[in-house]
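*Asks:* give me the fold of what follows.
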Amino acid sequence: MKKKKFNSGLLQVEFVCPKCGKKLAWALPSSEMNCPKCGTWVNVHNRKVENNLYLPLDDDQMVLFV
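*Replies:* So this is what the prediction gives:
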């Protein structure tokens, strides 16, 4: 079984709208996105933090969405 390479430099965070609480996406911390429900712009500084989790870019869970 091959070991998967882990790229520790690129970790994704979950973006949740601070105004309405809608879960938007997992993305790099440098991302910004617009909430389709209320129109609020969400970035890493104003996102609602439910859990302080980080997800590697090459995580097997994300392969399902590619």
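*Asks:* chain center to stretch 14-23, what's the gap?
*Replies:* How far stretch 14-23 lies from its chain's middle: 11 Å, per CA atoms, centre = their mean, to the nearest Å.
*Asks:* what does stretch 35-54 give?
*Replies:* In terms of CA atoms, centre = their mean, the centre of stretch 35-54 is found 9 Å from the chain centre.
*Asks:* give me the contact list for it.
*Replies:* 11-22, 24, 29-34 (CB atoms under 8 Å, 6 or more residues apart in numbering). In short, each C-beta sits where N, CA and C put it, glycine included.
*Asks:* and the strands in this structure, which stretches?
*Replies:* Under the criterion DSSP state E, the chain contains strands at 11-16, 23-27, 33-34, 41-42, 55-56.
*Asks:* can you list those strands in a markdown table and add mean pLDDT?
*Replies:* Converted to a markdown table, the strands of the chain look like this (pLDDT from 0 to 100):
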| stretch | mean pLDDT |
| --- | --- |
| strand 11-16 | 90 |
| strand 23-27 | 92 |
| strand 33-34 | 96 |
| strand 41-42 | 97 |
| strand 55-56 | 74 |
